[in-house]
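> Here is a sequence together with a model predicted from it:
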Protein chains: 2
Amino acid sequence: MKQAMIIDCHGHYTTAPKALENWRNQQIAGIKDPSVSPKVSDLKISDDELRESIENNQLRLMKERGSDLTIFSPRASFMAHHIGDFNISSTWAAICNELCYRVSQLFPDNFIPAAMLPQSPGVDPKTCIPELEKCVKQYGNVGINLNPDPSGGHWTSPPLSDRYWYPIYEKMVEHDIPAMIHVSTSCNACFHTTGAHYLNADTTAFMQCLTSELFKDFPTLKFLIPHGGGAVPYHWGRFRGLAQELKKPLLEDHLLNNIFFDTCVYHQPGIDLLSTVIPVKNVLFGSEMIGAVRGIDPQTGNYYDDTKRYIEASKILSDDDRFQIYEGNARRVFPRLDAALKLKGK
Amino acid sequence: MKQAMIIDCHGHYTTAPKALENWRNQQIAGIKDPSVSPKVSDLKISDDELRESIENNQLRLMKERGSDLTIFSPRASFMAHHIGDFNISSTWAAICNELCYRVSQLFPDNFIPAAMLPQSPGVDPKTCIPELEKCVKQYGNVGINLNPDPSGGHWTSPPLSDRYWYPIYEKMVEHDIPAMIHVSTSCNACFHTTGAHYLNADTTAFMQCLTSELFKDFPTLKFLIPHGGGAVPYHWGRFRGLAQELKKPLLEDHLLNNIFFDTCVYHQPGIDLLSTVIPVKNVLFGSEMIGAVRGIDPQTGNYYDDTKRYIEASKILSDDDRFQIYEGNARRVFPRLDAALKLKGK
């Protein structure tokens, strides 16, 4: 059997040079005092700095752990769509997307970009389309990250099933790109960002789809729900039962042609559950490395987020299953990734 | 080995006579038009009606499934603390708690009450104490349901770790009663009540405890997190890793003397995961029957919420584990339940 290419569908540029954060802080300061607002051209990050930030971090760990290619998007918690207005988000998204693009150009075999959108609470999602199209057409992005809650934990936008979001979906379908449904920093004190808000958003997004007919309107629309689908696989019986109460079709037919889960679940029993209840065709390898959980698990001596180990150690998955999770499913869910690989003879 | 008493720690009075809902609707109508506000005395439900609502529903299923005793609280989704002001909630809680008390008097071997609180968004939790104390002292309640989000999905209250909630905790400790952390209906269109809001609240509550030192201030405070702990056991590695990043003690020491999970997880793989990662001493049998998921699972031919079957079929749990989950842990977490049983020689 062909050795799988290990494609990590969930990587963020969490290790960008400090200059990026400094620029962002300056931009935020400029919301209150426009006289201190930075220009885009004030941000100077050299190719060498980018190389160093990647080689010493993501690429080093990818080599150590044996993954080949990461779908790489701007740092999720730094999207912070709740800060400022559309112009603030627009400038910030353009900067972050350009950096991920540059990383993909510097390491074309190891990184391929996915875009953040310049979302802003209460602003028509249509306004995100120019950035989306630039990223797809000029930067070779193969997917987007869509934030279902740009308010940052106040959940003031309509559900993902609402026509409000349709302009984005029309573009996704047109360009054949999936969206990872990924929130950003919580500014609601109730929700810890990576320990509650991220997982809640995953569960919430799934249920918004379950109660709706969204995928009847967009049969080819694809959502990747990160963090192993939040609470969904653990409560798969509950969701099957709720669909039944709501007179929806079986989840396999109702949602699983359109919804996929990554493997960002940081222990063996979790990955085993995911592999037991969710069809293999709906699971994509992901680690969210270097992300929320960077430590070493004292119970195993390995990094919590070295999710490849759990997949390797699984007694549930066959070699063919592993191939699909590592490579096959990613090529199918991200057709532009597949096309880019084929262009290189991969 | 002694046959366990099967104690279901999570039952709500979801089958109350229709007159209750009609009265509530009238109460809600009265918020806009006080001339139509009902009096408490307008609600008339006879003992026979109560008996019938229980005998044909919960008690019938308890007998069929083989559970003995249910810790019984008012219907969670009907608490709806976001409706009206404190007075509205106060009257409503008193009515609902009285009904559960009456059920416990009519069926003293099968039901023992837990109280809802008259919470209201933005109102000092201290105002709940008279109802809490009445329920404990006069009605023999053995626990309370505490809503961490009385706004119904807008999450406008401080986290559970905030001193805001301490007056409730002081009374809980004084009376040695645990709280089930249970939200009510979501009035935020983003969150489906039983498919998203409930599970999100479970995860959120756990993480609020994890980031805090709440149980240093209240070493004997006990929280029961329902629905199998939301996303927590599935992401146990993530939570262990986050605690490590935050320089907290191991979760066993940091939280598991105070936090417990029920078994309201509606499929075998979920219960197996729960049993694998969470110590047996922290798991209490619960079904939330008759609740959100009332159907029969076509994959098994059994009710989704017949959670006893999953525990019976578990290959992970020993007979002693099952005894603890069915009876031992509930007696320890609900000391007033244990005392009430002992008074009856049980």
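Structure received. A quick note: this is a predicted structure, and the numbers were derived from the prediction, not measured. Residues are numbered from 1 along each chain as shown, chains lettered A, B, ... in the order given.
> What residues does the stretch 51-200 of chain A have near chain B?
Counting by C-beta under 8 Å from any C-beta of the partner chain, the stretch 51-200 of chain A comes close to chain B at A:148-149, A:153-155, A:157-159, A:188-192, A:194-196, A:199-200. Where you see a C-beta, it was placed from the backbone N, CA and C, and this is true even at glycine.
> hmm, which of these are the buried ones?
Buried positions within those, assessed by neighbour count (16 or more other C-beta atoms under 10 Å in any protein chain shown), are A:148-149, A:153-155, A:157, A:159, A:188, A:190-192, A:194-196, A:199-200.
> ok, the most centrally placed residue in chain A - contacts?
Taking C-alpha atoms, centre = their mean, the centroid of chain A lies closest to residue A:180, which sits 4.2 Å from it. Taking C-beta atoms under 8 Å, 6 or more residues apart in numbering or on different chains, we find residue A:180 in contact with A:9-10, A:73, A:114, A:143-146, A:223-226, A:262.
> Just the residues you listed: which are in strands?
Secondary structure defined by DSSP state E assigns A:9, A:10, A:73, A:144, A:145, A:146, A:223, A:224, A:225, A:262 of those to strands.
> residues touching the third one, list them.
Contacts for residue A:73 were tallied using C-beta under 8 Å, 6+ apart; they are A:11, A:12, A:13, A:100, A:113, A:114, A:115, A:116, A:143, A:145, A:180.
> isn't the fifth one right up against residue A:100?
The reference is to residue A:113. Yes - in this structure, residue A:113 is within contact of residue A:100 by C-beta atoms under 8 Å, at 4.3 Å.
> which residues are in contact with both of those two?
Here residue A:113 and residue A:100 share the contacting residues A:72, A:73, A:139, scored by C-beta under 8 Å, 6+ apart.
> Let's have the residues you listed in JSON lines, adding distance to residue B:290.
Below are these laid out as JSON lines (distance: C-beta to C-beta, whole Å):
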{"residue": "A:72", "distance to residue B:290": "48"}
{"residue": "A:73", "distance to residue B:290": "44"}
{"residue": "A:139", "distance to residue B:290": "53"}
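> any idea how far residue A:179 is from residue A:141?
11 Å (C-beta to C-beta, to the nearest Å).
> Name the residue in these two with the higher neighbour count.
residue A:141 (29 against 26; other C-beta atoms under 10 Å in any protein chain shown).
> For the stretch 51-200 of chain A, which segments count as helices?
A:58-65, A:76-79, A:86-106, A:129-137, A:166-175, A:198-210 (DSSP state H, counting those that start in this stretch).
> If you rank the ones in strands among the contacts of residue A:180 by neighbours, which is first?
residue A:9 (30 neighbours).
> Could I get the buried residue list for whichever helix or strand residue A:240 is part of?
Using DSSP states H and E, residue A:240 sits within helix A:236-245. Judged by neighbour count (16+ other C-beta under 10 Å), helix A:236-245 contains these buried residues: A:236, A:237, A:238, A:239, A:240, A:241, A:242, A:243, A:244.
> go on, stretch A:305-320?
In terms of neighbour count (16+ other C-beta under 10 Å), stretch A:305-320 has its buried residues at A:305, A:306, A:307, A:308, A:309, A:310, A:311, A:314, A:317.
> Excluding chain neighbours, what is closest to the second one?
Of all residues not flanking residue A:306 in the chain, residue A:65 sits nearest, at 5.4 Å (C-beta to C-beta, 6 or more residues apart in numbering or on different chains).
> Tell me where chain A has strands.
Along chain A, the segments classed as strands by DSSP E run A:7-13, A:69-74, A:111-113, A:115-116, A:144-146, A:179-181, A:223-225, A:259-262, A:283-284.
> which residues sit against the fifth one?
In this structure, residues lying in contact with strand A:144-146 by C-beta under 8 Å, 6+ apart are A:73-74, A:76, A:79, A:114-117, A:119, A:132, A:135, A:160, A:165, A:168, A:172, A:177-182.
> List the pairing partners of that strand within its sheet, with orientation.
Strand pairing for strand A:144-146, using DSSP bridges, gives strand A:115-116 (parallel), strand A:179-181 (parallel).
> average model confidence for it?
Model confidence over strand A:144-146, given as mean pLDDT, is 98.
> Check the offset of it from the chain's centre.
On the basis of C-alpha atoms, centre = their mean, to the nearest Å, strand A:144-146 is displaced by 6 Å from the centre of the chain it belongs to.
> ok, and does the helix holding residue A:240 reach over to chain B?
Yes - contact of helix A:236-245 with chain B (C-beta under 8 Å from any C-beta) involves A:236, A:237, A:238, A:239, A:240, A:241, A:242, A:244, A:245.
> Just the pLDDT for the closest residue to residue A:222 other than its chain neighbours.
Computed as C-beta to C-beta, 6+ apart, the closest residue to residue A:222 that is not its neighbour in sequence is residue A:178, at 3.7 Å. At residue A:178, the model reports a pLDDT of 98.
> Taking the stretch 101-250 of chain A, what residue is nearest to chain B?
residue A:237 (2.8 Å; C-beta to the nearest C-beta).
> Next up, the contacts around that residue.
B:265, B:266, B:267, B:270, B:293, B:297, B:304.
> Could you tell me which residues make contact with the spatially closest residue to the fourth one that is not a sequence neighbour?
Counting by C-beta to C-beta, 6+ apart, the nearest residue to residue B:270 once its immediate chain neighbours are dropped is residue A:234, at 5.2 Å. Contacts for residue A:234 were tallied using C-beta under 8 Å, 6+ apart; they are A:273, B:228, B:231, B:233, B:234, B:265, B:270, B:273.
> quick one on the thing from earlier: report how many residues lie close to the residue nearest to residue A:222.
Residue A:178 has 29 neighbours, counted by other C-beta under 10 Å.
> ok, residue A:123 touching residue A:85?
Yes - counting by C-beta under 8 Å, residue A:123 touches residue A:85, with 7.5 Å between them.
> Looking at the two, which is more packed in?
Looking at residue A:123 and residue A:85 with other C-beta under 10 Å, you find the greater number of neighbours at residue A:123, namely 17 against 12.
> Would you quantify the distance from residue A:192 to residue B:157?
Using C-beta to C-beta, which is the criterion applied here, residue A:192 is 15 Å from residue B:157.
> typo on my end, it should be residue A:39
Counting by C-beta to C-beta - residue A:39 and residue B:157 are separated by 42 Å.
> ditto for residue A:191
From residue A:191 across to residue B:157, the span is 12 Å (C-beta to C-beta).
> again with residue A:88
Separation of residue A:88 from residue B:157 (C-beta to C-beta) stands at 29 Å.
> cool, and residue A:50?
Going from residue A:50 to residue B:157 by C-beta to C-beta gives 44 Å.
> try residue A:40
40 Å.
> Contacts only, for the residue nearest to residue A:185 when sequence neighbours are not counted.
Leaving aside its chain neighbours, residue A:185 sits nearest to residue A:77 (4.7 Å; criterion: C-beta to C-beta, 6+ apart). By C-beta under 8 Å, 6+ apart, residue A:77 lies in contact with A:184, A:185, A:193, A:194.
> Burial check on the first one, number of neighbours?
This means residue A:184. For residue A:184, the count of nearby residues is 28 (other C-beta under 10 Å).
> wait, isn't it in contact with residue A:153?
No - at 9.3 Å, residue A:184 does not count as touching residue A:153 under the criterion of C-beta under 8 Å.
> shared neighbours, the two?
When contacts are counted by C-beta under 8 Å, 6+ apart, the set common to residue A:184 and residue A:153 is empty.
> and stretch A:123-132, how far apart are its ends?
One end of stretch A:123-132 sits 16 Å from the other (C-alpha to C-alpha, to the nearest Å).
> How about it, which residues are buried there?
So, applying 16+ other C-beta under 10 Å, buried residues of stretch A:123-132: A:123, A:125, A:127, A:128, A:129, A:131, A:132.
> go on, stretch A:41-48?
For stretch A:41-48, a neighbour-count test (16+ other C-beta under 10 Å) marks A:43, A:45 as buried.
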